[in-house]
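how does the following fold in three dimensions:
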Amino acid sequence: MVPSSGQSAMPRGIFFKETLRDNVDPPRLEGWGKKGAAIMADHLQESAPKHAVEPQDLNAITASMFEGHIGLEFTETKPDRVQARVTMNPVLRQATGVVHGGVYCSIVETVASWGGLLSLDGAGHVVGVNNNTDFLRGVRDDNLLAEGTPVFRGRSQQLWRVVVTTADGRECAVGQVRLHNVYNEDTAPKAQTVAPEPGAMR
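Numbers count the residues shown, from 1 in each chain. Below you'll find the model as predicted:
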């Protein structure tokens, strides 16, 4: 899940800029912070398309985080679709030899969370409030692929669906993650005031 400690989210246009530039270990950065988080690496041009973040940049950021420890690598990182792969490793299996269910839940939450974050385009970050993942097939040796797409994106919440398959396309888990949008102070949507109808209680 994308980290959050109630701090302001990343400024638009940089993604853990200090991490990539100074080789800072990402886990040492607490929360998002005003200077610690962002969306693009230094080498991306300022004229890059909106939402642009390359998979290799995100992989460089997450290599020493939870994503890296379970062998997850992003292959597509767009605000409307996030794809990733997980290389099979014995530590991902449970006692019976199949992939542990927690691995599927983690893949689903990770893909959905980064998709939700990219959708906000620097206006804030997301926190997960519900993860519902169904396990469809036991997997032992196959690498895993995941694709996340938005089901709903509203002002305060997002709902993402993630499908996890084997390399040959067999579905092994399907999950949905509900995300809460946490906006930066300067980008928070303004609440609308509706005037009461004549004679209505005030």
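
strands of the protein, start to end?
Using DSSP state E, the strands of the chain run over residues 72-78, 81-86, 124-135, 144-153, 157-166, 171-183.

could you list the buried residues of the shortest one?
Within strand 81-86, the residues that count as buried by 16 or more other CB atoms under 10 Å are 82, 83, 84, 86. Quick note: C-beta positions are derived from backbone N, CA and C, even for glycine.

coming back round to it: how about a markdown table for the strands of the chain, with mean pLDDT and distance to residue 55 added?
Listed next are the strands of the chain as a markdown table, based on pLDDT from 0 to 100; distance: least, CB to CB, whole Å:
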| stretch | mean pLDDT | distance to residue 55 |
| --- | --- | --- |
| strand 72-78 | 97 | 4 |
| strand 81-86 | 98 | 8 |
| strand 124-135 | 96 | 19 |
| strand 144-153 | 98 | 13 |
| strand 157-166 | 98 | 16 |
| strand 171-183 | 97 | 20 |
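
need those strands in TSV (columns: distance to residue 106).
Output for the strands of the chain, formatted as TSV (distance: least, CB to CB, whole Å):
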stretch	distance to residue 106
strand 72-78	8
strand 81-86	9
strand 124-135	9
strand 144-153	10
strand 157-166	10
strand 171-183	10
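
among those, which is nearest residue 105?
Nearest to residue 105 among those is strand 124-135; the distance by CB to CB comes to 4.7 Å.

check which helices and strands the closest one is in contact with.
helix 101-120, strand 171-183 (3 or more CB pairs under 8 Å, 6 or more residues apart in numbering; DSSP states H and E).
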